[in-house]
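K.L.:
output the structure for:
(2 chains)
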Amino acid sequence: MATRTKHPAQDVAGLGTGRALGFLAPAMLLIAAFLVFPAVWTIYIGVTNYRLTGVEAVSPSIVGLANYTRALNDALFHNALWLTMLFVLGSAIIGQNILGFTLAWILRRARPAVRRTVEALTLLAWILPSTVVAYLWIAFFDRDTGTLNSILGTTGTAWLIDYPMVCLVVFNTWRGTAFSMMLYSSALQAVPPSQLESARMVGASGWQTLRDIVFPHIRGHVLTNTLLISLWTANDFSPFLLTKGGPNHESETVPVYIYNVALQGGELGYSSAISFLLLLANLLVSLIYLRLLRRRA
Amino acid sequence: MRSLRLSGALALSATAGLLLTGCLGSSGTGDQDANRNSDAKKVELTIGSNSVKGGKSSAGATFTEDVLIPKFVADQKAKGVDVTVKFQGDGSDDEVYKQKLSLDLSNKSGPDLFQIDGIWVGEFAQAGYIKPLTDTVGDASKVDNWDGWKQIPASVQQLGTFENKRYGVPGGTDGRVLYFNKKLFQQAGLPADWQPKSWDDIISAGQKLKTLSGVTPIQINGGTAMGEATTMQGVLPLLVGTGTTVYAGGKWLGYTPKLRQVLEFYHQIYSTGLGDPVLQREAKGRDKSFAEFAANKIGILLESDYFWRSVVEPKEGVAKMADRDTAVGYALIPAARPGGGVNGQDFVSMSGGGTTVINPNTKFPQQAWELLQFMNSAEMVKESLNGAAKITQRTDVNTEVLASDPMLNFVATKVLPITQYRPGLAEYPKISAALQQATADVVGGKTTEAASIAYQKAVEAAAGSKDKVAGN
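P.N.:
A predicted model of the protein is given here:
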């Protein structure tokens, strides 16, 4: 408040606080309208019993932290958290990371034609619209006329019903590997060829080279990549397109659970509380990664 | 830097302040003048419905767009009013349609007239999304004196009624029966005029059908994926067969021996190979069960007359059977044991239906009421059938058209007198979801005991308190 001064501005651009704020204002307003406001609004709805229909749709009342205590005792929410962890661990941390790195590592030495083809196909999986991709995968996994059953000769196996989480992990690994592949491709360029050359001269095995030469150079990239894909995967809604969370909640990750509670069950208040919990979980994961990154520096 | 942070904090608290002044829900639509725009010469109305040409309930959409709207426009033109009526069709699952409509209505928008399932009337009314017709139209005698009410049986009027007030005009009703494939029955040595007298009769027929290869003997809808179809074509017809209803004496059904009996029946069918448990868990299981029945792969299937006139219908059904009239048999649904059904009945059924309501926020309430009467006139109801038979809301039309279709005549004369309707209460959809979950648990392999205990908990939460649940 009391920052108005007479002497010239001390900052590099020579703008002074007032004008600097003026430049920032448009961006701040947009952020406030489209990011802060909805977030705070969600927190507000989360402490009410607001519903889509019925009496509580007209006159919701404040219920305090009841939605949060309910979530802590809700077996279906626990189930959703557990499945989300499996989903992130299986498809992002392990699946996309390892497949993406392996592709980047192999393609490094591949002929340009081969590399471009593989990269194009991987990217295609990433840029296709979710609905199109979901349709293709449903056709792939279908019980009666599915491609997978024709290939394996396992007619009648209902993959999406008997192994829903495995299907989702495979699906999301396929879907999201492109990002990790691209990130690691560029990271690997940062590894000095001379060091790789020396390693080969002294007879280091492939694994030793990776562990002692490549990883120390790309550690930061691994962490950043893992952070980004974990967050994206945890918030991903495309599992809904494949299984709708079913059968009987067996593939209901947190975002899908929030949708089902909010719109199928009409409980907007409770679902907002869960959304906020998901936000907190995301923050927590980010903090851990940031800690790890800082320790590297 | 500090001052920047400070202004950040200020911006935040300003936003928070803004929030506190805003509030959820609505203070009601207030007292709008029911006669607003009543003498307008230029009128625009929109009809919303979960039907679409060439897709879901295609015949209804075609009728509205090609017959009803042009005729109403011409009718109004003769009165010197220039009316434009738009049709806002939809072709999604009922639950999705309901979500979209609720979101529209909560923002005071949405079509001027729209069709909803009779069981949504309670929760929509409580949310203020719809109002009693006499409120919207403003003049009670104008509504009550409509001559159409005399043609609509009281039980059917219930589909548009909540707390003894009329919210809309129902669009007909239906009844549930057991369909069976006569060709498979013949191969299994079962009679073509099969009429089971108890649940045991159904099971023993199923066991004979099981000897045929590639045939699923029985399809009774279960699980959450089928939504309300599980409740209406599964749990409730069975429940009334045990002698009780889902809502009786001011209490919702909890964990009782009768609920357990219903779940035991599910268990018996889906754990002994008489039914296909995977089908109940598939996202598109109901559509698949239709296709399998039409392909002579399902022996017995519980459905409403909708199955006869829209699914296996030889020309326009979604799973056509060219030989429907000779190959598909139908029988009354038996009580668990003779005389054991609700009201001591030997046979039972469940019925439902949709209703058309007026949006309380319409710009033209009087004209909307005129259109509502017009679409429910004997002439229009007859036109909507377009030569086909269906149990309409109007008795005068029914007596004329049903004679031509023995199956629908069977439903009208044998099923409707013994049928039950769902309670039109706001809690019903939540109770229904709990029933679906209980069958999902049983079909998925849990014990009926565990499923019943979980159900009791869910019902207590849905009903709001233990006192509103009948359990033991």
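K.L.:
alpha carbons only for contacts and neighbour counts from here, please
P.N.:
OK.
K.L.:
which residue ranges of the stretch 151-297 of chain A form helices?
P.N.:
In the stretch 151-297 of chain A, the segments counted as helices under DSSP state H, counting those that start in this stretch are A:159-162, A:164-188, A:193-201, A:206-209, A:215-234, A:238-243, A:254-259, A:268-296.
K.L.:
low-confidence ranges in the chain?
P.N.:
Assuming you mean chain A. Applying pLDDT under 70 to chain A flags residues A:1-9, A:296-297.
K.L.:
wrong one, chain B
P.N.:
Using pLDDT under 70, the flagged stretches of chain B are B:1-31, B:472.
K.L.:
show me how it divides into domains.
P.N.:
Domain assignment of chain B by automatic domain parsing yields the ranges B:43-170+B:353-421, B:176-351+B:424-470.
K.L.:
what would the ones you listed look like in TSV with distance to chain A and mean neighbour count?
P.N.:
Converted to TSV, the domains of chain B look like this (distance: least, CA to the nearest CA, whole Å; neighbours: other CA atoms under 10 Å in any protein chain shown):
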stretch	distance to chain A	mean neighbour count
domain B:43-170+B:353-421	4	19
domain B:176-351+B:424-470	5	20
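K.L.:
looking at the helices of the stretch 151-297 of chain A, which is closest to A:Thr42?
P.N.:
Among these, helix A:268-296 comes nearest to A:Thr42, with 5.6 Å by CA to CA.
K.L.:
and that closest one, what does it pack against?
P.N.:
In terms of contacts (3 or more CA pairs under 8 Å, 6 or more residues apart in numbering or on different chains; DSSP states H and E), helix A:268-296 is packed against helix A:37-46, helix A:66-72, helix A:215-234, helix A:254-259.
K.L.:
is the shortest one anywhere near chain B?
P.N.:
Just to be clear, that refers to helix A:254-259. No: using CA under 8 Å from any CA of the partner chain, helix A:254-259 stays clear of chain B, coming no nearer than 11.4 Å.
K.L.:
straight-line length of stretch A:56-70, end to end?
P.N.:
In stretch A:56-70, first residue to last residue: 18 Å (CA to CA, to the nearest Å).
K.L.:
buried stuff in that stretch?
P.N.:
A:56-61, A:66-68 (16 or more other CA atoms under 10 Å in any protein chain shown).
K.L.:
list the contacts for residue 247?
P.N.:
Using chain A here. A:161, A:164, B:225, B:281-283 (CA atoms under 8 Å, 6 or more residues apart in numbering or on different chains).
K.L.:
switch to chain B, please.
P.N.:
Counting by CA under 8 Å, 6+ apart, B:Tyr247 touches B:253, B:423.
K.L.:
list the beta-bridge partners for it.
P.N.:
Beta bridges link B:Tyr247 to B:Trp252, judged by DSSP bridges.
K.L.:
and it, how far from B:Lys468?
P.N.:
According to CA to CA, B:Tyr247 and B:Lys468 sit 10 Å apart.
K.L.:
let's have the helices of the stretch 151-297 of chain A in CSV, adding mean neighbour count.
P.N.:
CSV is the format used below for these (neighbours: other CA atoms under 10 Å in any protein chain shown):
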stretch, mean neighbour count
helix A:159-162, 20
helix A:164-188, 21
helix A:193-201, 12
helix A:206-209, 12
helix A:215-234, 18
helix A:238-243, 22
helix A:254-259, 24
helix A:268-296, 17
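K.L.:
so what's the nearest residue to A:Phe276 once chain neighbours are set aside up against?
P.N.:
Closest residue in space to A:Phe276, ignoring its immediate chain neighbours: A:Ile43 at 6.6 Å, by CA to CA, 6 or more residues apart in numbering or on different chains. Contact partners of A:Ile43, counting by CA under 8 Å, 6+ apart, are A:272-273, A:276.
K.L.:
list the residues that contact B:Gly214.
P.N.:
So B:Gly214 contacts B:Lys297 (CA under 8 Å, 6+ apart).
K.L.:
oh, I was asking about A:Trp126
P.N.:
A:175-179.
K.L.:
where's it, which helix or strand?
P.N.:
helix A:112-127 (DSSP states H and E).
K.L.:
and of the helices and strands packed on helix A:268-296, who's closest to B:Ile47?
P.N.:
When the helices and strands packed on helix A:268-296 are compared by CA to CA, helix A:254-259 sits nearest B:Ile47, at 28.0 Å.
K.L.:
which helices and strands does the closest one pack with?
P.N.:
helix A:75-87, helix A:268-296.
K.L.:
contacting residues around that helix?
P.N.:
Contact partners of helix A:254-259, identified using CA under 8 Å, 6+ apart, comprise A:77, A:80-81, A:83-84, A:234-237, A:239-240, A:244-245, A:271-272, A:274-275, A:278.
K.L.:
what residue in the stretch 101-250 of chain A comes nearest to chain B?
P.N.:
A:Pro247 (5.3 Å; CA to the nearest CA).
K.L.:
please tell me how far that residue sits from A:Ala234.
P.N.:
Distance from A:Pro247 to A:Ala234, by CA to CA: 20 Å.
K.L.:
ditto for B:Ala462
P.N.:
In terms of CA to CA, B:Ala462 sits 30 Å off from A:Ala234.
K.L.:
again with B:Pro70
P.N.:
B:Pro70 is 52 Å from A:Ala234, by CA to CA.
K.L.:
pretty sure B:Lys108 contacts B:Lys363?
P.N.:
No: using CA atoms under 8 Å, B:Lys108 makes no contact with B:Lys363, being 11.3 Å away.
K.L.:
for A:Ser61, phi and psi?
P.N.:
Here is the backbone geometry of A:Ser61 (degrees, to the nearest 10): phi -120, psi 160.
K.L.:
can you check B:Gly91 too?
P.N.:
Dihedral angles (degrees, to the nearest 10) for B:Gly91: phi -140, psi 40.
K.L.:
who wins for proximity to A:Val114 among the domains of chain B?
P.N.:
With CA to CA as the criterion, A:Val114 lies closest to domain B:176-351+B:424-470 of the domains of chain B, at 39.3 Å.
K.L.:
so where do the strands sit in the stretch 1-150 of chain B?
P.N.:
Along the stretch 1-150 of chain B, counting by DSSP state E, counting those that start in this stretch, strands occupy B:42-49, B:82-89, B:113-117.
K.L.:
direction included, what does the first one pair up with?
P.N.:
Paired neighbours of strand B:42-49 in the sheet (DSSP bridges): strand B:82-89 (parallel), strand B:113-117 (parallel).
K.L.:
and that strand, C-alpha only, in CSV?
P.N.:
Extracted C-alpha coordinates of strand B:42-49, given in CSV (Å, rounded to 0.1, in the frame of the first residue of the first chain):
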residue,chain,number,x,y,z
LYS,B,42,-45.6,-14.2,-32.8
VAL,B,43,-44.8,-17.2,-30.7
GLU,B,44,-41.8,-19.5,-30.4
LEU,B,45,-41.9,-22.9,-28.7
THR,B,46,-39.4,-25.7,-28.3
ILE,B,47,-40.2,-29.4,-27.6
GLY,B,48,-37.5,-31.4,-25.9
SER,B,49,-37.5,-35.2,-26.0
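K.L.:
give me the distance from that strand to the chain's centre.
P.N.:
Relative to its parent chain, strand B:42-49 has a centroid offset of 24 Å by CA atoms, centre = their mean, to the nearest Å.
K.L.:
residues in contact with that strand: which ones?
P.N.:
Contacts of strand B:42-49 (CA under 8 Å, 6+ apart): B:61, B:81-90, B:111-116, B:364, B:367-368.
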